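**Student:** turn this into a model:
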Amino acid sequence: FNVISYNGQSEYADNVIVATGGKAAPNLGSKGVGYEILESFGHKVTELSPSLVQIKTETDVVKKLKGIKLNANVSLGNFKEYGEVLFTEYGLSGPAVFSLSSRLKNQKTISLDIMSEYSEDELYNMISVRMYQNPKITLENFFVGMFNKRVGQALLKYCGIEPLSRYAVTLGEKEIRRICSTIKKWNFKITGTMSWNNAQVTKGGVITDDFNPNTMESKLVNGLYATGEVLDIDGDCGGYNLQWAWSSGYLAGISVGK
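**Tutor:** Numbers count the residues shown, from 1 in each chain. I've put the predicted structure just below:
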């Protein structure tokens, strides 16, 4: 191999390890050049997209809730994740959302269950009791104590229940059912994800079948190795992607040394 640096210096080597990272966080220097290098040696690259990244949604609701965090069961198609969700001016963030962002392809809606420990019937009973125990409370403050005041107000407006100056005791059965249904499945229309600058990892990469998993050496070119995120491997939140980078890098280094 003839390795040429950006400043024109060249070096010959019997073995080369491509450890360039993916396309996530380009401000740290990872702009996808590793894919081009490996493609030039005959390797194939799958479709690339930002992962472990914030999901953008229609902003009518989320913008009003900017900065609020809550724990929820988050659903994206058939995939579910429980954890902290952060409302932002552009959509949803937080660990649970990050973990599901890699499943985003062709999904149009993301849903939150903001009281996952209760069933719809249990919520109906809870709200009914709360309503009759506090006949003078207005809808504006009705959910204070169950969850954040602004969340409660946004929830009611989403359900089309206004004005918030109404007494909660005026809620009808259908309105309460609508509220309970929304608490269990609050839908947000997806408009995309944040950019590569916000992504923690890259989904997709160089096809792994063309590398020896015991050495990280290319099956197409002797002496060529690849490690970490440049390969088509991405994990959940929790340090798994970092561990893959360290472990595969160690394995390649040991293999070259031998």
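**Student:** who are the contact partners of the residue lying closest to residue 30 once chain neighbours are set aside?
**Tutor:** Excluding the flanking residues, the one nearest residue 30 by C-beta to C-beta, 6 or more residues apart in numbering is residue 21, at 3.6 Å. In short, each C-beta sits where N, CA and C put it, glycine included. Residues in contact with residue 21 (C-beta atoms under 8 Å, 6 or more residues apart in numbering) are 28-30, 34, 202, 228-230, 245.
**Student:** which one of those residues sits closest to residue 193?
**Tutor:** residue 202 (12.2 Å; C-beta to C-beta).
**Student:** and the closest one, what does it touch?
**Tutor:** 21-24, 48-51, 229, 234.
**Student:** also residue 158?
**Tutor:** Neighbouring residues of residue 158 by C-beta under 8 Å, 6+ apart: 61, 182, 186.
**Student:** for the last one, grab phi and psi.
**Tutor:** In this case it means residue 186. Main-chain dihedrals, residue 186, degrees, to the nearest 10: phi -90, psi 110.
**Student:** could you give the number of residues near it?
**Tutor:** For residue 186, the neighbour count with other C-beta atoms under 10 Å is 19.
**Student:** not counting sequence-adjacent ones, nearest residue to it?
**Tutor:** The spatially closest residue to residue 186, leaving aside those adjacent along the chain, is residue 112, at 4.5 Å (C-beta to C-beta, 6+ apart).
**Student:** the worst-scoring helix or strand of the chain on mean pLDDT packs against which elements?
**Tutor:** The helix or strand of the chain with the lowest confidence, counting by mean pLDDT, DSSP states H and E, is strand 2-4 at a mean of 90. On a contact count with 3 or more C-beta pairs under 8 Å, 6 or more residues apart in numbering; DSSP states H and E, strand 2-4 meets strand 10-12.
**Student:** any idea of the mean pLDDT for the strand it packs on?
**Tutor:** Mean per-residue pLDDT for strand 10-12: 94.
**Student:** direction included, what does it pair up with?
**Tutor:** strand 2-4 (antiparallel) (DSSP bridges).
**Student:** now the least confident helix or strand of the chain: buried residues?
**Tutor:** By 16 or more other C-beta atoms under 10 Å, strand 2-4 has no buried positions at all.
**Student:** now do it: distance to the chain's middle.
**Tutor:** On the basis of C-alpha atoms, centre = their mean, to the nearest Å, strand 2-4 sits 38 Å off its chain's mean C-alpha point.
**Student:** quick one: contacts of it?
**Tutor:** Applying C-beta under 8 Å, 6+ apart, the set of residues contacting strand 2-4 from outside is 10-13, 16.
**Student:** where along the stretch 101-250 of the chain do the helices fall?
**Tutor:** 120-133, 149-158, 173-184, 240-257 (DSSP state H, counting those that start in this stretch).
**Student:** let me have the contacts of residue 21 in CSV, extended by distance to residue 141 and pLDDT.
**Tutor:** Putting those into CSV (distance: C-beta to C-beta, whole Å; pLDDT from 0 to 100) gives the following:
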residue, distance to residue 141, pLDDT
28, 46, 85
29, 51, 85
30, 48, 84
34, 55, 95
202, 46, 94
228, 51, 96
229, 48, 94
230, 53, 97
245, 49, 95
